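Enquirer: based on what follows, work out the 3D shape:
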Amino acid sequence: MSTKIVRTILPVAPNIYDQTFVNQLARNLDRVIDEQRNPILNFQAVPSDSVANTLEVGDIFEENGFLRIVRQNDIFSGSTSATAAVGTVTVSTP
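Expert: Below you'll find the model as predicted:
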């Protein structure tokens, strides 16, 4: 199936307008329309869901190959582990 692309064409400007300006405007409008039809996005360093609990509302992260957005009421539990030692314990028997 083919897609027909319709180019926008501004009407010919009257002589009181600067033709160079109108031509630049038409080229820029065509470029903006092309970019909207064929967006190219490249997200760099998208964090994984393992750090989702450190992100703020509106941030994106990757989960199982899908991009997710942190919403206002999302809860990410995360996990924390720690190891500690306090001195030495000596047990003596009489």
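Enquirer: from now on I want contacts and neighbour counts done on CA atoms only, so please keep to that.
Expert: Noted.
Enquirer: identify the residues contacting the closest residue to Ser48 other than its chain neighbours.
Expert: Using CA to CA, 6 or more residues apart in numbering and skipping the chain neighbours, the partner closest in space to Ser48 is Glu62 (4.7 Å). Each residue near Glu62 by CA atoms under 8 Å, 6 or more residues apart in numbering is listed here: 46-49, 68.
Enquirer: now with 10 Å, please.
Expert: For Glu62, the contacting residues are 45-52, 68-69, by CA atoms under 10 Å, 6 or more residues apart in numbering.
Enquirer: and these as JSON lines, adding secondary structure?
Expert: Listed next are the contacts of Glu62 as JSON lines, based on DSSP: H, G, I helix; E, B strand; the rest coil:
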{"residue": "Ala45", "secondary structure": "coil"}
{"residue": "Val46", "secondary structure": "coil"}
{"residue": "Pro47", "secondary structure": "coil"}
{"residue": "Ser48", "secondary structure": "strand"}
{"residue": "Asp49", "secondary structure": "helix"}
{"residue": "Ser50", "secondary structure": "helix"}
{"residue": "Val51", "secondary structure": "helix"}
{"residue": "Ala52", "secondary structure": "helix"}
{"residue": "Arg68", "secondary structure": "strand"}
{"residue": "Ile69", "secondary structure": "strand"}
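Enquirer: which among those count as buried?
Expert: Buried members of the contacts of Glu62, counted by 16 or more other CA atoms under 10 Å: 48-49, 52, 68.
Enquirer: dump those to a markdown table, plus distance to Ala13.
Expert: Listed next are the buried ones among the contacts of Glu62 as a markdown table, based on distance: CA to CA, whole Å:
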| residue | distance to Ala13 |
| --- | --- |
| Ser48 | 52 |
| Asp49 | 54 |
| Ala52 | 54 |
| Arg68 | 47 |
